[in-house]
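Enquirer: could you look at this predicted model? Sequence included:
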Amino acid sequence: MEKILESVVTFLIGSVAGVMLKNWFDYKLMVYEELWKKRFDAYRQVFQISSALPLYPEPARLNHEDMKTVSEELRDWYFEGGGLLLSSVTRDIYFEVQESIQIVLKNSAPEKFVSDTDYTAVRKNFSRLRTEFSNDLMSRRRVKMLSPLSRSSGN
């Protein structure tokens with residue numbers, strides 16, 4: 001009788017622990033899915049803002065006011081909620097983008113075009129930011145699905 005009672009108690013404890021663990025994983029998955037959806041929508045907005053500084057085609061000539069507008073659009077995006085969604089690494093790179101724009105604004109005359117060197121520096125920081133966005137979203141990682149057929153086919 002004692003063994004049966006011990007088995008029942010062990011079963012119940014294991015069942016409760018299993019249910020609790022499953023619920024915890026389900027909750028984490030739900031939070032992650034919601035965060036991913038919100039990040040995707042928010043990060044798309046920054047992609048649009050960064051389109052002012054493309055690598056291709058040949059860059060348009062931007063002036064002081066254009067760069068100020070880009071910085072202001074980023075600031076508005078950040079404080080309207082986008083900043084809450086950034087991972088720590090991505091947030092650091094976001095601020096590097098803003099800092100590089102501020103350097104350009106301090107070093108360029110309002111009536112002049114932004115130099116090629118300054119344009120390239122800001123564009124490269126935007127590129128790093130977009131890369132980190134894709135890391136946050138895991139959008140450039142290949143998921144390898146291994147099945148017995150794919151392993152045995154020799155391909």
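Expert: Looks like it arrived, so ask away.
Enquirer: please count neighbours and contacts with C-alpha atoms only from this point.
Expert: Will do.
Enquirer: and Arg75, what does it touch?
Expert: Contact partners of Arg75, counting by Cα atoms under 8 Å, 6 or more residues apart in numbering, are absent.
Enquirer: give me the element it is part of.
Expert: helix 64-77 (DSSP states H and E).
Enquirer: for the most centrally placed residue in the chain, list the residues it contacts.
Expert: Central residue check for the chain by Cα atoms, centre = their mean: the C-alpha nearest the mean position is that of Phe133, 2.8 Å away. Contacts for Phe133 (Cα under 8 Å, 6+ apart) come out as 43, 90.
Enquirer: ok, now with 10 Å
Expert: 39-40, 42-44, 46-47, 86-87, 89-91, 127, 139 (Cα atoms under 10 Å, 6 or more residues apart in numbering).
Enquirer: in ChimeraX, how would I select the buried members of those residues?
Expert: With 16 or more other Cα atoms under 10 Å as the burial test, the buried ones among these are selected in ChimeraX as follows:
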select :39,40,42,43,46,86,90,91,127
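Enquirer: lowest-confidence one in the contacts of Phe133?
Expert: Least confident entry in those, by pLDDT: Ser139, with 85.
Enquirer: could you give the angle of the helix ranked longest in the chain to helix 64-77?
Expert: Using DSSP state H, we find that the single longest helix of the chain is helix 2-50. Comparing the axes of helix 2-50 and helix 64-77 via axes from the mean of the first three to the mean of the last three Cα atoms, to 10 degrees yields an angle of 160 degrees.
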